[in-house]
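Engineer: Structure, please.
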Amino acid sequence: MNVLNFEEARHNMIVQQIQPWNVRDDKILDLIQRLPREDFVPAKYKEHAFTDINIPLSNGQEMMCPKLEAYIVQALQVQEQDKVLEVGTGTGYVTALLASLSRHVITVDIDADMQKRAEEKLNAHQITNVTYEVGDAALGWDKHKPYDVILITGSLPILPETFQRNLNVGGRLIAIVGDSPAMEVILITRVKDNDWSHQILLETDIPALINAVEPERFVL
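Structural biologist: The predicted structure is shown next:
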């Protein structure tokens, strides 16, 4: 693809995939228009950067399809003063979206090599308000708590309570919870010190976060 084709494909992605999913926030749409998604996908999938598919990653995870990324980022209502925790750096594209909207992002990934590649891509685009940490955050990440926004980019069969307790009052968390093929995208808001609201946004299906906690399963 040449540059002109990339621009046309990006425009079509926004008009045909993202906007029909009720992503109407001009700030989000403008950012997606400006940020070159093709620079963040694995090289062999570059021509599929704007296709309505989840893109496989080398560690068994997946890059979410464009409309789901956009929908989730819009639902988080990220503000410029927010401190954000992202669990699962992946390719760094969603990290870049979050960092472009917020004060600072702490992104954690268990795969050091993948995260290093993502860091290089964000640096190349002069996105520097990100702290990169390598570790297993499947049970939460207390190091910089509390957070205004938390996004978990892999699914979880069950959501550890730690995540919602690490939110500031007014903070928002999105997690994809359940088992394949029917998982729920859940928005959790900390309303008061000991009060959280839960809203199911939609259903989807993505791979589980590495080392995600499994519920006890009864075997007959």
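
Engineer: show me the contacts for the residue nearest to residue 78 when sequence neighbours are not counted.
Structural biologist: Setting aside the residues directly before and after it, residue 78 is nearest to residue 101 in space (CB to CB, 6 or more residues apart in numbering), at 4.1 Å. The C-beta positions use only the backbone N, C-alpha and C, and glycine is treated the same way. Neighbouring residues of residue 101 by CB atoms under 8 Å, 6 or more residues apart in numbering: 27, 31, 73, 78-80, 82.

Engineer: Which two of these have the greatest separation?
Structural biologist: Farthest-apart pair in the contacts of residue 101 is 31 and 82; separation 14.9 Å (CB to CB).

Engineer: quick one: low-confidence ranges for the protein?
Structural biologist: Along the chain, segments meeting pLDDT under 70 span 1-4, 217-220.

Engineer: Now do the helices in it.
Structural biologist: Using DSSP state H, the helices found in the chain span residues 3-13, 26-34, 66-76, 93-101, 112-124, 161-165.

Engineer: and these, which is most packed in?
Structural biologist: The highest mean neighbour count among those, using mean count of other CB atoms under 10 Å, belongs to helix 93-101: a mean of 24.

Engineer: How far away from the center of its chain is that helix?
Structural biologist: 9 Å (CA atoms, centre = their mean, to the nearest Å).

Engineer: quick one, strands of the protein?
Structural biologist: 55-56, 62-63, 83-87, 104-109, 130-134, 147-156, 167-179, 182-192, 195-204 (DSSP state E).

Engineer: Let me have the contacts of residue 101 in a markdown table, adding distance to residue 122 as columns.
Structural biologist: Converted to a markdown table, those look like this (distance: CB to CB, whole Å):
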| residue | distance to residue 122 |
| --- | --- |
| 27 | 19 |
| 31 | 14 |
| 73 | 16 |
| 78 | 16 |
| 79 | 20 |
| 80 | 18 |
| 82 | 18 |
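
Engineer: Quick one: closest of the helices of the chain to residue 187.
Structural biologist: The nearest among the helices of the chain, by CB to CB, is helix 66-76 at 5.6 Å.

Engineer: which helices and strands does that closest one pack with?
Structural biologist: Applying 3 or more CB pairs under 8 Å, 6 or more residues apart in numbering; DSSP states H and E, we find helix 66-76 packed against helix 26-34, helix 93-101, strand 147-156, strand 167-179, strand 182-192, strand 195-204.
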